[in-house]
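> sequence and predicted structure, then a few things I'm wondering about:
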Amino acid sequence: MATCEVRPDGAVALRWQKSPDADRYRVQLFDTHLEEIARFGAGSDTTLILLPDQLPACSGLLLWRVQALREGSQVAHSHPTALELRRP
């Protein structure tokens, strides 16, 4: 299960459940056509905080998912989850 929270300061907190086989995680952001627009390493944490300057400059609907990795290879991934960005 993956959740996201857009904070009042514009930062985004992404959270997911630990995968027992993973030694680290990677988060991907996609546009609505499932084209990857960004990726972030999250180490072994199950939360990633993205500051406003790390996020795409666009407003609107994005999708994100987390990949569980073991020794650099994907062992699992979440389903794409909606993330609504609002820019002033």
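In hand now; what should we look at?

> going by C-alpha atoms from here, please, whenever you check contacts or count neighbours.
Noted.

> low pLDDT regions in this protein?
The model of the chain has pLDDT under 70 over residues 1, 87-88.

> which helix or strand contains the residue nearest the centre of the chain?
The centroid of the chain falls nearest to V27 when counting by CA atoms, centre = their mean (3.9 Å). Take DSSP states H and E as the rule and V27 turns out to sit in strand 24-30.

> who does the next helix or strand after that strand touch, helix- and strand-wise?
Downstream of strand 24-30, the next assigned helix or strand under DSSP H and E is strand 36-43. In this structure, strand 36-43 makes packing contacts with strand 24-30, judged by 3 or more CA pairs under 8 Å, 6 or more residues apart in numbering; DSSP states H and E.

> returning to what we had before: so the residue nearest to the centre of the chain versus P56, what's the distance?
Per CA to CA, to the nearest Å, V27 is found 14 Å from P56.
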